[in-house]
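Peer 1: starting from these lines, generate the structure:
(2 chains)
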Amino acid sequence: MPHMRQSLLFVKTERNAPKDELTANARLLARAGFVDKLMAGAYTYLPLGLRVLRNIEQIVREEMDAIGGQEVLMPMLHPKDIWETTGGWKNIEVLFKVPSRTEKEYALGQSEEEVVTPLVMKRVMNVSQLPLAVYQIHWKFRDELRAKSGILRGREFFMKDMYSFHENQEDFERFYEVAKKAYLKIFERVGLTAKVTEASGGSFSEKISYEFMVLTDAGEDDILYCDACEFCVNKDIAKQNENDACPKCRKGKLHRATASEAGNVFDLGQKYGKDFDLGFIGKDGTKQYPVMGCYGIGISRLMGVIVEKMHDEQGIIWPECVAPFRAHLIELKGASAKELYDELKAEGIEVLYDDRDTSAGEKFADADLIGIPWRLVVSPKTEGKVEIKRRDEKEGKVVSKEEMFKLIASGAHHS
RNA sequence: CGGGCCGUAGUAUACCGGUAGUACGCACGGUUCGGGACCGUGUAGACCGGGUUCGAUUCCCGGCGGCCCGACCA
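Peer 2: Numbers count the residues shown, from 1 in each chain, chains lettered A, B, ... in the order given. Down below sits the predicted model:
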(Lines give C-alpha, C1' and ligand atoms only; values in the text may rest on other atoms or scores of the structure.)
Protein backbone atom coordinates (compact mmCIF):
# COMPACT_ATOMS: atom_id res chain seq x y z
CA MET A 1 0.00 0.00 0.00
CA PRO A 2 2.33 2.77 -1.12
CA HIS A 3 -0.62 5.10 -1.72
CA MET A 4 -4.16 5.47 -0.45
CA ARG A 5 -7.36 7.35 -1.09
CA GLN A 6 -8.32 9.01 2.14
CA SER A 7 -12.02 8.44 1.57
CA LEU A 8 -11.30 4.72 1.91
CA LEU A 9 -8.83 4.93 4.80
CA PHE A 10 -9.78 2.78 7.76
CA VAL A 11 -10.27 4.99 10.79
CA LYS A 12 -11.00 8.66 10.44
CA THR A 13 -9.62 11.46 12.54
CA GLU A 14 -11.33 12.66 15.71
CA ARG A 15 -11.84 16.25 16.61
CA ASN A 16 -11.59 15.55 20.33
CA ALA A 17 -8.70 13.90 22.08
CA PRO A 18 -9.54 10.95 24.32
CA LYS A 19 -10.50 12.14 27.75
CA ASP A 20 -7.97 11.57 30.54
CA GLU A 21 -4.98 11.19 28.26
CA LEU A 22 -2.36 13.83 28.98
CA THR A 23 0.64 12.82 26.91
CA ALA A 24 1.00 14.17 23.40
CA ASN A 25 1.58 10.73 21.90
CA ALA A 26 -1.57 9.26 23.45
CA ARG A 27 -3.71 12.22 22.41
CA LEU A 28 -2.40 12.80 18.91
CA LEU A 29 -1.93 9.21 17.80
CA ALA A 30 -5.50 8.40 18.84
CA ARG A 31 -7.02 11.56 17.34
CA ALA A 32 -5.20 11.16 14.05
CA GLY A 33 -6.18 7.51 13.76
CA PHE A 34 -2.75 5.89 14.07
CA VAL A 35 -3.61 3.65 17.00
CA ASP A 36 -6.57 2.34 18.95
CA LYS A 37 -6.30 1.48 22.61
CA LEU A 38 -7.65 -1.93 23.57
CA MET A 39 -6.69 -1.48 27.22
CA ALA A 40 -4.01 0.32 29.17
CA GLY A 41 -0.74 -0.80 27.64
CA ALA A 42 -2.09 -2.65 24.59
CA TYR A 43 -2.75 -0.95 21.29
CA THR A 44 -3.89 -1.79 17.81
CA TYR A 45 -1.73 -0.19 15.15
CA LEU A 46 -4.09 1.07 12.48
CA PRO A 47 -3.03 1.48 8.83
CA LEU A 48 -1.34 4.85 9.35
CA GLY A 49 0.32 3.81 12.61
CA LEU A 50 1.48 0.50 11.23
CA ARG A 51 3.21 2.27 8.35
CA VAL A 52 5.16 4.39 10.81
CA LEU A 53 6.03 1.37 12.92
CA ARG A 54 7.26 -0.50 9.84
CA ASN A 55 9.36 2.47 8.74
CA ILE A 56 11.10 2.69 12.10
CA GLU A 57 11.52 -1.08 12.10
CA GLN A 58 13.18 -0.95 8.70
CA ILE A 59 15.68 1.71 9.76
CA VAL A 60 16.61 -0.37 12.80
CA ARG A 61 16.88 -3.49 10.64
CA GLU A 62 19.20 -1.77 8.17
CA GLU A 63 21.57 -0.66 10.92
CA MET A 64 21.59 -4.06 12.59
CA ASP A 65 22.30 -5.75 9.27
CA ALA A 66 25.06 -3.21 8.66
CA ILE A 67 26.98 -4.39 11.73
CA GLY A 68 26.56 -8.03 10.86
CA GLY A 69 23.40 -8.88 12.76
CA GLN A 70 21.36 -11.78 11.36
CA GLU A 71 17.62 -11.55 11.71
CA VAL A 72 15.57 -14.41 13.14
CA LEU A 73 12.10 -14.69 14.59
CA MET A 74 11.79 -16.45 17.92
CA PRO A 75 8.66 -17.60 19.76
CA MET A 76 6.84 -15.29 22.14
CA LEU A 77 5.49 -18.29 24.05
CA HIS A 78 8.20 -19.98 26.13
CA PRO A 79 8.33 -23.16 28.16
CA LYS A 80 8.68 -22.66 31.91
CA ASP A 81 11.84 -24.72 32.28
CA ILE A 82 14.15 -22.37 30.40
CA TRP A 83 13.12 -19.55 32.73
CA GLU A 84 13.72 -21.76 35.75
CA THR A 85 17.18 -22.58 34.43
CA THR A 86 18.19 -18.92 34.58
CA GLY A 87 16.26 -18.04 37.73
CA GLY A 88 13.97 -15.67 35.87
CA TRP A 89 10.79 -17.58 36.68
CA LYS A 90 11.27 -16.67 40.33
CA ASN A 91 13.16 -13.40 40.13
CA ILE A 92 11.69 -11.43 37.27
CA GLU A 93 8.48 -9.91 38.54
CA VAL A 94 7.38 -8.49 35.20
CA LEU A 95 7.42 -11.94 33.60
CA PHE A 96 3.94 -12.94 32.42
CA LYS A 97 3.20 -16.50 33.48
CA VAL A 98 0.54 -18.35 31.56
CA PRO A 99 -1.18 -21.43 32.95
CA SER A 100 -2.29 -24.07 30.48
CA ARG A 101 -5.33 -26.31 30.75
CA THR A 102 -2.77 -29.03 31.15
CA GLU A 103 -0.59 -28.92 34.23
CA LYS A 104 2.02 -26.95 32.36
CA GLU A 105 2.86 -23.29 32.67
CA TYR A 106 4.40 -21.01 30.08
CA ALA A 107 6.02 -17.60 30.00
CA LEU A 108 5.50 -14.79 27.54
CA GLY A 109 8.82 -13.44 26.34
CA GLN A 110 9.90 -10.23 28.07
CA SER A 111 13.40 -10.74 26.67
CA GLU A 112 14.85 -13.69 24.81
CA GLU A 113 18.15 -14.74 26.37
CA GLU A 114 16.52 -17.98 27.49
CA VAL A 115 15.58 -18.81 23.91
CA VAL A 116 18.52 -17.41 22.01
CA THR A 117 21.31 -18.89 24.13
CA PRO A 118 20.37 -22.54 23.52
CA LEU A 119 19.36 -21.69 19.95
CA VAL A 120 22.81 -20.37 19.13
CA MET A 121 25.09 -22.41 21.37
CA LYS A 122 23.62 -25.75 20.32
CA ARG A 123 25.11 -24.93 16.93
CA VAL A 124 28.38 -23.27 17.88
CA MET A 125 30.95 -26.03 18.24
CA ASN A 126 34.19 -24.14 18.29
CA VAL A 127 35.69 -20.69 18.47
CA SER A 128 35.90 -20.29 14.71
CA GLN A 129 32.13 -19.81 14.59
CA LEU A 130 32.31 -16.69 16.79
CA PRO A 131 31.52 -13.87 17.01
CA LEU A 132 27.87 -14.15 16.12
CA ALA A 133 25.05 -11.66 16.48
CA VAL A 134 21.39 -12.51 15.95
CA TYR A 135 18.41 -10.27 16.40
CA GLN A 136 14.67 -10.20 16.03
CA ILE A 137 11.97 -7.58 15.80
CA HIS A 138 8.96 -8.82 17.67
CA TRP A 139 6.50 -8.28 20.51
CA LYS A 140 7.53 -8.32 24.13
CA PHE A 141 5.34 -8.74 27.17
CA ARG A 142 5.89 -7.28 30.61
CA ASP A 143 3.47 -7.47 33.49
CA GLU A 144 3.69 -3.78 34.32
CA LEU A 145 1.88 -2.61 37.43
CA ARG A 146 1.19 0.62 35.71
CA ALA A 147 1.18 0.89 31.95
CA LYS A 148 1.19 4.56 31.08
CA SER A 149 1.83 7.44 28.73
CA GLY A 150 0.23 6.09 25.59
CA ILE A 151 2.58 3.79 23.73
CA LEU A 152 5.59 4.78 25.83
CA ARG A 153 5.09 2.04 28.40
CA GLY A 154 2.94 -0.88 27.38
CA ARG A 155 2.33 -4.33 28.76
CA GLU A 156 2.94 -5.45 25.22
CA PHE A 157 5.36 -3.57 23.00
CA PHE A 158 7.32 -3.91 19.80
CA MET A 159 11.05 -4.28 20.21
CA LYS A 160 14.24 -5.06 18.39
CA ASP A 161 16.45 -7.25 20.53
CA MET A 162 19.89 -8.38 19.43
CA TYR A 163 22.20 -10.84 21.20
CA SER A 164 25.89 -11.20 20.46
CA PHE A 165 28.16 -14.13 21.31
CA HIS A 166 31.94 -13.74 21.71
CA GLU A 167 34.92 -15.88 22.53
CA ASN A 168 36.16 -13.46 25.18
CA GLN A 169 35.58 -10.13 26.91
CA GLU A 170 37.89 -8.24 24.55
CA ASP A 171 35.94 -9.22 21.50
CA PHE A 172 32.71 -8.37 23.24
CA GLU A 173 34.04 -4.90 24.14
CA ARG A 174 34.97 -4.33 20.52
CA PHE A 175 31.49 -5.21 19.31
CA TYR A 176 29.87 -3.30 22.16
CA GLU A 177 31.35 -0.09 20.75
CA VAL A 178 30.24 -0.97 17.23
CA ALA A 179 26.70 -1.56 18.48
CA LYS A 180 26.63 1.70 20.42
CA LYS A 181 27.64 3.60 17.30
CA ALA A 182 24.92 1.86 15.31
CA TYR A 183 22.42 2.85 17.95
CA LEU A 184 23.42 6.49 17.80
CA LYS A 185 23.04 6.34 14.04
CA ILE A 186 19.53 4.94 14.35
CA PHE A 187 18.42 7.73 16.65
CA GLU A 188 20.02 10.29 14.41
CA ARG A 189 18.25 8.87 11.37
CA VAL A 190 14.83 9.19 12.98
CA GLY A 191 15.62 12.75 13.99
CA LEU A 192 16.26 12.24 17.68
CA THR A 193 19.22 13.04 19.90
CA ALA A 194 19.99 10.27 22.35
CA LYS A 195 22.32 10.57 25.32
CA VAL A 196 24.40 7.52 26.13
CA THR A 197 23.69 7.12 29.83
CA GLU A 198 25.38 4.97 32.42
CA ALA A 199 22.82 2.86 34.26
CA SER A 200 22.36 -0.21 36.38
CA GLY A 201 23.05 -3.49 34.65
CA GLY A 202 19.95 -5.06 36.14
CA SER A 203 19.47 -7.64 38.87
CA PHE A 204 21.72 -10.25 37.31
CA SER A 205 24.71 -8.05 36.67
CA GLU A 206 27.17 -5.98 38.66
CA LYS A 207 28.25 -4.24 35.51
CA ILE A 208 26.79 -0.99 34.31
CA SER A 209 24.69 -0.90 31.19
CA TYR A 210 24.17 1.96 28.79
CA GLU A 211 20.79 3.48 28.14
CA PHE A 212 20.01 5.69 25.17
CA MET A 213 18.00 8.52 26.62
CA VAL A 214 15.92 11.01 24.69
CA LEU A 215 15.05 14.10 26.70
CA THR A 216 11.29 14.45 27.12
CA ASP A 217 9.03 15.24 30.06
CA ALA A 218 6.84 12.31 29.06
CA GLY A 219 9.71 9.96 29.94
CA GLU A 220 10.11 8.27 33.28
CA ASP A 221 13.81 8.38 33.97
CA ASP A 222 15.80 11.10 35.65
CA ILE A 223 19.28 11.63 34.35
CA LEU A 224 22.24 13.90 35.10
CA TYR A 225 24.21 15.14 32.13
CA CYS A 226 27.24 17.36 31.71
CA ASP A 227 26.91 20.62 29.80
CA ALA A 228 30.50 20.43 28.58
CA CYS A 229 31.11 16.79 27.65
CA GLU A 230 29.33 13.53 26.83
CA PHE A 231 28.99 12.38 30.43
CA CYS A 232 25.50 11.25 31.35
CA VAL A 233 24.30 9.05 34.19
CA ASN A 234 20.96 7.67 35.36
CA LYS A 235 19.95 9.32 38.63
CA ASP A 236 19.30 5.84 40.07
CA ILE A 237 22.98 5.02 40.21
CA ALA A 238 24.50 8.52 40.15
CA LYS A 239 27.00 9.32 42.84
CA GLN A 240 26.69 13.00 41.97
CA ASN A 241 23.92 15.55 42.36
CA GLU A 242 22.49 18.29 40.23
CA ASN A 243 24.89 21.23 39.83
CA ASP A 244 27.92 19.15 40.86
CA ALA A 245 31.05 19.40 38.74
CA CYS A 246 31.28 16.78 36.01
CA PRO A 247 33.33 13.81 37.25
CA LYS A 248 34.60 13.12 33.75
CA CYS A 249 35.77 16.38 32.21
CA ARG A 250 35.80 18.39 35.46
CA LYS A 251 34.93 21.49 33.47
CA GLY A 252 31.18 21.25 33.04
CA LYS A 253 28.30 21.25 35.47
CA LEU A 254 25.71 18.48 35.83
CA HIS A 255 22.12 19.18 34.88
CA ARG A 256 19.08 17.16 35.71
CA ALA A 257 16.56 16.17 33.04
CA THR A 258 13.65 13.82 32.47
CA ALA A 259 14.14 11.37 29.65
CA SER A 260 12.71 8.30 27.98
CA GLU A 261 14.85 5.21 27.57
CA ALA A 262 14.57 4.43 23.87
CA GLY A 263 17.30 1.81 23.80
CA ASN A 264 19.82 0.00 25.95
CA VAL A 265 22.82 -2.26 25.70
CA PHE A 266 23.91 -4.81 28.30
CA ASP A 267 27.07 -6.71 29.03
CA LEU A 268 25.64 -10.11 29.96
CA GLY A 269 29.00 -11.73 30.67
CA GLN A 270 29.00 -15.53 30.74
CA LYS A 271 25.83 -15.97 32.78
CA TYR A 272 23.63 -17.52 30.14
CA GLY A 273 26.20 -19.89 28.69
CA LYS A 274 26.91 -21.13 32.20
CA ASP A 275 23.24 -21.39 33.20
CA PHE A 276 22.53 -23.63 30.22
CA ASP A 277 25.98 -25.20 30.36
CA LEU A 278 26.43 -24.55 26.68
CA GLY A 279 29.92 -23.68 25.59
CA PHE A 280 32.35 -24.11 22.72
CA ILE A 281 35.84 -25.47 22.23
CA GLY A 282 38.28 -22.59 22.61
CA LYS A 283 41.64 -21.99 21.00
CA ASP A 284 43.38 -23.92 23.77
CA GLY A 285 41.12 -26.91 23.19
CA THR A 286 39.16 -26.54 26.43
CA LYS A 287 35.45 -25.86 26.89
CA GLN A 288 34.61 -22.19 27.30
CA TYR A 289 31.45 -20.19 27.82
CA PRO A 290 30.57 -17.35 25.45
CA VAL A 291 30.61 -13.73 26.55
CA MET A 292 27.28 -12.26 25.54
CA GLY A 293 25.79 -8.85 24.90
CA CYS A 294 22.16 -7.79 24.67
CA TYR A 295 20.98 -4.76 22.69
CA GLY A 296 17.40 -3.52 22.78
CA ILE A 297 15.46 -0.78 21.08
CA GLY A 298 11.78 -0.23 21.81
CA ILE A 299 10.38 0.41 18.38
CA SER A 300 6.83 1.21 19.50
CA ARG A 301 8.21 3.41 22.26
CA LEU A 302 10.43 5.16 19.75
CA MET A 303 7.32 6.00 17.72
CA GLY A 304 5.79 7.56 20.83
CA VAL A 305 8.94 9.50 21.66
CA ILE A 306 9.06 10.90 18.14
CA VAL A 307 5.53 12.24 18.59
CA GLU A 308 6.44 13.70 21.98
CA LYS A 309 9.35 15.55 20.42
CA MET A 310 7.81 16.49 17.09
CA HIS A 311 4.37 18.03 17.25
CA ASP A 312 2.69 21.39 17.55
CA GLU A 313 -0.75 22.64 18.52
CA GLN A 314 -2.17 21.34 15.27
CA GLY A 315 -0.79 17.84 15.26
CA ILE A 316 2.13 15.56 14.57
CA ILE A 317 5.17 16.58 12.50
CA TRP A 318 6.70 13.32 11.28
CA PRO A 319 10.32 13.20 10.16
CA GLU A 320 10.40 12.23 6.49
CA CYS A 321 11.98 8.82 7.02
CA VAL A 322 9.26 7.51 9.34
CA ALA A 323 6.19 9.38 8.04
CA PRO A 324 3.29 7.15 6.93
CA PHE A 325 3.35 8.82 3.50
CA ARG A 326 5.70 11.27 1.82
CA ALA A 327 2.99 13.50 0.41
CA HIS A 328 -0.55 14.41 1.36
CA LEU A 329 -2.42 15.37 -1.78
CA ILE A 330 -5.43 17.57 -1.11
CA GLU A 331 -8.07 18.20 -3.68
CA LEU A 332 -10.38 21.16 -3.13
CA LYS A 333 -13.82 21.69 -4.63
CA GLY A 334 -13.83 22.68 -8.26
CA ALA A 335 -10.64 20.86 -9.17
CA SER A 336 -9.51 17.28 -9.56
CA ALA A 337 -6.22 15.96 -8.28
CA LYS A 338 -6.78 12.52 -9.74
CA GLU A 339 -4.32 13.09 -12.56
CA LEU A 340 -1.59 14.29 -10.18
CA TYR A 341 -2.34 11.34 -7.90
CA ASP A 342 -1.69 8.96 -10.77
CA GLU A 343 1.54 10.76 -11.66
CA LEU A 344 2.75 10.62 -8.06
CA LYS A 345 1.96 6.90 -7.96
CA ALA A 346 3.81 6.38 -11.22
CA GLU A 347 6.86 8.12 -9.75
CA GLY A 348 6.71 5.75 -6.78
CA ILE A 349 5.94 8.49 -4.29
CA GLU A 350 3.99 7.33 -1.28
CA VAL A 351 0.94 9.54 -1.24
CA LEU A 352 -2.27 9.91 0.72
CA TYR A 353 -4.90 11.39 -1.57
CA ASP A 354 -7.60 13.37 0.22
CA ASP A 355 -10.44 12.83 -2.21
CA ARG A 356 -13.13 13.27 0.42
CA ASP A 357 -16.15 15.42 -0.24
CA THR A 358 -15.59 17.79 2.64
CA SER A 359 -14.55 21.36 3.36
CA ALA A 360 -11.12 22.82 2.80
CA GLY A 361 -10.79 23.68 6.46
CA GLU A 362 -11.40 20.14 7.53
CA LYS A 363 -8.90 18.78 5.03
CA PHE A 364 -6.21 21.21 6.15
CA ALA A 365 -6.89 20.51 9.81
CA ASP A 366 -6.63 16.76 9.20
CA ALA A 367 -3.44 17.19 7.19
CA ASP A 368 -1.90 19.14 10.07
CA LEU A 369 -3.05 16.49 12.53
CA ILE A 370 -1.74 13.51 10.56
CA GLY A 371 1.56 15.26 9.95
CA ILE A 372 2.72 14.02 6.54
CA PRO A 373 5.85 16.00 5.48
CA TRP A 374 4.67 17.46 2.16
CA ARG A 375 1.23 18.93 1.60
CA LEU A 376 0.11 19.32 -1.99
CA VAL A 377 -3.02 21.27 -2.81
CA VAL A 378 -4.85 21.25 -6.11
CA SER A 379 -7.69 23.74 -6.46
CA PRO A 380 -9.26 26.09 -9.04
CA LYS A 381 -6.83 28.69 -7.72
CA THR A 382 -3.69 26.73 -8.60
CA GLU A 383 -4.65 26.56 -12.30
CA GLY A 384 -2.64 23.57 -13.50
CA LYS A 385 0.08 24.13 -10.93
CA VAL A 386 0.31 22.80 -7.39
CA GLU A 387 0.60 24.46 -4.04
CA ILE A 388 3.32 22.76 -2.02
CA LYS A 389 3.99 23.22 1.67
CA ARG A 390 6.08 21.40 4.22
CA ARG A 391 4.32 20.41 7.41
CA ASP A 392 6.74 22.49 9.47
CA GLU A 393 6.42 25.60 7.29
CA LYS A 394 3.75 28.26 7.65
CA GLU A 395 3.29 29.25 4.03
CA GLY A 396 3.34 27.16 0.92
CA LYS A 397 4.07 28.20 -2.62
CA VAL A 398 2.47 27.52 -5.96
CA VAL A 399 4.84 25.76 -8.35
CA SER A 400 4.77 23.76 -11.54
CA LYS A 401 4.47 19.99 -11.34
CA GLU A 402 8.09 19.57 -12.40
CA GLU A 403 9.26 21.80 -9.60
CA MET A 404 7.02 20.00 -7.16
CA PHE A 405 8.57 16.63 -8.02
CA LYS A 406 12.03 18.11 -7.57
CA LEU A 407 11.18 19.49 -4.15
CA ILE A 408 9.72 16.22 -2.94
CA ALA A 409 12.69 14.26 -4.27
CA SER A 410 15.16 16.59 -2.55
CA GLY A 411 13.48 15.86 0.74
CA ALA A 412 13.82 12.17 0.08
CA HIS A 413 17.58 12.26 0.17
CA HIS A 414 18.44 14.34 3.16
CA SER A 415 17.38 11.79 5.76
C1' C B 1 0.71 -2.56 44.63
C1' G B 2 -0.49 2.33 47.92
C1' G B 3 -2.83 7.20 47.13
C1' G B 4 -5.89 10.81 44.28
C1' C B 5 -9.44 11.95 40.51
C1' C B 6 -13.01 9.81 37.25
C1' G B 7 -16.74 6.23 34.54
C1' U B 8 -23.50 9.40 30.76
C1' A B 9 -24.69 8.17 22.62
C1' G B 10 -19.06 6.53 18.22
C1' U B 11 -16.20 11.07 20.51
C1' A B 12 -16.28 15.21 23.98
C1' U B 13 -19.53 16.99 27.64
C1' A B 14 -24.32 19.02 30.78
C1' C B 15 -28.15 18.52 34.28
C1' C B 16 -30.88 15.81 37.76
C1' G B 17 -33.76 11.31 43.67
C1' G B 18 -39.19 11.47 39.24
C1' U B 19 -39.46 12.82 30.67
C1' A B 20 -31.38 12.29 30.28
C1' G B 21 -29.88 17.88 27.27
C1' U B 22 -25.90 19.93 24.03
C1' A B 23 -21.78 19.84 20.34
C1' C B 24 -19.15 16.97 16.87
C1' G B 25 -19.82 12.39 14.16
C1' C B 26 -23.13 9.30 11.29
C1' A B 27 -27.86 9.08 7.60
C1' C B 28 -31.12 11.94 4.30
C1' G B 29 -32.53 16.79 1.82
C1' G B 30 -31.14 21.80 0.59
C1' U B 31 -27.66 26.05 0.49
C1' U B 32 -22.24 26.55 0.64
C1' C B 33 -17.02 25.63 -1.11
C1' G B 34 -9.02 27.83 0.55
C1' G B 35 -8.57 26.88 7.59
C1' G B 36 -12.72 22.11 11.22
C1' A B 37 -19.48 26.21 6.82
C1' C B 38 -25.01 26.64 7.48
C1' C B 39 -30.37 25.17 7.80
C1' G B 40 -33.87 21.18 8.42
C1' U B 41 -35.01 16.07 9.58
C1' G B 42 -33.27 11.60 11.59
C1' U B 43 -29.82 8.11 14.39
C1' A B 44 -27.66 6.86 18.97
C1' G B 45 -26.36 6.89 25.66
C1' A B 46 -26.31 6.25 32.19
C1' C B 47 -19.70 0.21 33.23
C1' C B 48 -21.40 -4.27 36.30
C1' G B 49 -23.61 -6.21 40.92
C1' G B 50 -25.89 -5.24 45.57
C1' G B 51 -28.23 -1.71 49.13
C1' U B 52 -31.43 2.66 50.63
C1' U B 53 -36.13 4.52 48.41
C1' C B 54 -42.79 4.57 46.21
C1' G B 55 -38.99 5.59 42.51
C1' A B 56 -31.59 5.44 41.54
C1' U B 57 -28.19 7.53 35.92
C1' U B 58 -28.07 10.55 40.52
C1' C B 59 -27.13 8.62 47.35
C1' C B 60 -24.30 4.26 49.88
C1' C B 61 -21.23 -0.42 49.48
C1' G B 62 -18.48 -3.83 46.43
C1' G B 63 -16.41 -5.09 41.77
C1' C B 64 -14.47 -3.86 37.00
C1' G B 65 -12.22 -0.12 33.94
C1' G B 66 -9.42 4.65 32.77
C1' C B 67 -5.98 8.69 33.83
C1' C B 68 -2.40 10.95 37.20
C1' C B 69 1.29 10.74 41.56
C1' G B 70 4.29 7.22 44.13
C1' A B 71 6.52 2.46 44.37
C1' C B 72 8.13 -0.79 40.58
C1' C B 73 10.32 -1.12 35.71
C1' A B 74 16.48 -8.21 35.06
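
Peer 1: what pLDDT does the closest residue in space to A:Ser203 that isn't next to it in sequence get?
Peer 2: By the measure of CB to CB, 6 or more residues apart in numbering, the closest residue to A:Ser203 outside its immediate chain neighbours is A:Asn91, 6.3 Å from it. All C-beta atoms are positioned from the backbone trio N, CA, C, and that covers glycine. pLDDT recorded at A:Asn91 is 94.

Peer 1: ok, A:Asn91 to A:Gly202 distance?
Peer 2: 10 Å (CB to CB, to the nearest Å).

Peer 1: by proximity to RNA strand B, which residue of the stretch 151-300 of chain A wins?
Peer 2: Using CB to the nearest atom of the strand, the single residue of the stretch 151-300 of chain A nearest to RNA strand B is A:Gly202, 1.5 Å away.

Peer 1: just the element for that residue, please.
Peer 2: Assigned by DSSP states H and E, A:Gly202 belongs to neither a helix nor a strand.

Peer 1: ok, it to A:Ile237 distance?
Peer 2: 11 Å.

Peer 1: find the closest residue to RNA strand B in the stretch 51-200 of chain A.
Peer 2: Closest point on the stretch 51-200 of chain A to RNA strand B, by CB to the nearest atom of the strand, is A:Ser111, at 2.9 Å.

Peer 1: give the contact list for the nearest residue to that residue once chain neighbours are set aside.
Peer 2: Using CB to CB, 6+ apart and skipping the chain neighbours, the partner closest in space to A:Ser111 is A:Asp161 (6.5 Å). A:Asp161 is in contact with A:Ser111, A:Glu112, A:Tyr135, A:Gln136, A:His138, A:Lys140, A:Cys294, A:Tyr295, A:Gly296, counting by CB atoms under 8 Å, 6 or more residues apart in numbering.

Peer 1: number of residues surrounding A:Glu402?
Peer 2: 8 (other CB atoms under 10 Å).

Peer 1: make that A:Lys207, sorry
Peer 2: Applying other CB under 10 Å, I find that A:Lys207 has 12 neighbouring residues.

Peer 1: ditto for A:Lys338
Peer 2: Neighbours of A:Lys338 under the rule other CB under 10 Å: 14.

Peer 1: how near is it to RNA strand B?
Peer 2: Using CB to the nearest atom of the strand, to the nearest Å, we find A:Lys338 at a distance of 16 Å from RNA strand B.

Peer 1: from A:Val399, how far off is that residue?
Peer 2: 19 Å.

Peer 1: quick check: A:Pro131 touching A:Glu170?
Peer 2: No: using CB atoms under 8 Å, A:Pro131 is not in contact with A:Glu170; the gap is 11.0 Å.

Peer 1: between the two, which one's more packed in?
Peer 2: Neighbours were counted for A:Pro131 and for A:Glu170 using other CB under 10 Å; A:Pro131 has more, 18 against 9.

Peer 1: quick one: the strands in the stretch 51-200 of chain A?
Peer 2: With strands called from DSSP state E, counting those that start in this stretch, the stretch 51-200 of chain A shows them at A:70-71, A:77-79, A:96-99, A:105-108, A:132-141, A:156-166, A:195-199.

Peer 1: go ahead and name everything in contact with the fifth one.
Peer 2: Strand A:132-141 is contacted by residues A:57, A:60-61, A:64, A:67-74, A:76, A:96, A:108-112, A:116, A:119-120, A:124, A:155-165, A:175, A:295, A:299 when judged by CB under 8 Å, 6+ apart.

Peer 1: do the third one as well
Peer 2: Contact partners of strand A:96-99, identified using CB under 8 Å, 6+ apart, comprise A:Leu77, A:Lys80, A:Trp89, A:Glu105, A:Tyr106, A:Ala107, A:Leu108, A:Gln110, A:Phe141, A:Arg142, A:Asp143.

Peer 1: one more time with 7 Å, if that's ok
Peer 2: The contact list for strand A:96-99, computed with CB atoms under 7 Å, 6 or more residues apart in numbering, reads A:Glu105, A:Tyr106, A:Ala107, A:Leu108, A:Phe141, A:Asp143.

Peer 1: for the second one, give me the pLDDT.
Peer 2: In this case it means A:Tyr106. 97.

Peer 1: same check, this time on A:Glu320
Peer 2: 96.

Peer 1: that one against A:Gly371, yeah?
Peer 2: No: counting by CB atoms under 7 Å, A:Glu320 stays clear of A:Gly371, with 11.0 Å between them.

Peer 1: quickly list what A:Asn234 is bridged to.
Peer 2: With beta bridges defined as DSSP bridges, A:Asn234 has these partners: A:Ile223.

Peer 1: if I look at it, how far off is A:Lys185?
Peer 2: A:Asn234 is 22 Å from A:Lys185, by CB to CB.

Peer 1: which one's more surrounded, these two?
Peer 2: Counted by other CB under 10 Å, A:Asn234 and A:Lys185 do not tie: A:Asn234 has more neighbours, with 21 against 14.

Peer 1: thought the more buried one was touching A:Ala199?
Peer 2: Yes: between A:Asn234 and A:Ala199 there is a contact under CB under 7 Å: 4.0 Å.

Peer 1: overlap in contacts of these two?
Peer 2: Jointly contacting A:Asn234 and A:Ala199 under the rule CB under 7 Å, 6+ apart are A:Glu211.

Peer 1: what pLDDT does the model give the residue lying closest to A:Leu73 once chain neighbours are set aside?
Peer 2: Among residues not flanking A:Leu73 along the chain, A:Gln136 sits closest, at 5.4 Å (CB to CB, 6+ apart). A:Gln136 is assigned a pLDDT of 98 by the prediction.

Peer 1: where exactly do the helices run in the stretch 301-415 of chain A?
Peer 2: A:338-346, A:360-370, A:401-413 (DSSP state H, counting those that start in this stretch).

Peer 1: out of those helices, nearest to A:Val307?
Peer 2: Nearest to A:Val307 among these is helix A:360-370; the distance by CB to CB comes to 11.6 Å.

Peer 1: what pLDDT, on average, does that closest one get?
Peer 2: Rounded mean pLDDT across helix A:360-370 is 97.

Peer 1: which non-adjacent residue is nearest A:Gly144?
Peer 2: Just so we're on the same page, residue A:144 is Glu rather than Gly. Leaving aside its sequence neighbours, A:Glu144 sits nearest to A:Arg155 (CB to CB, 6+ apart; 5.2 Å).
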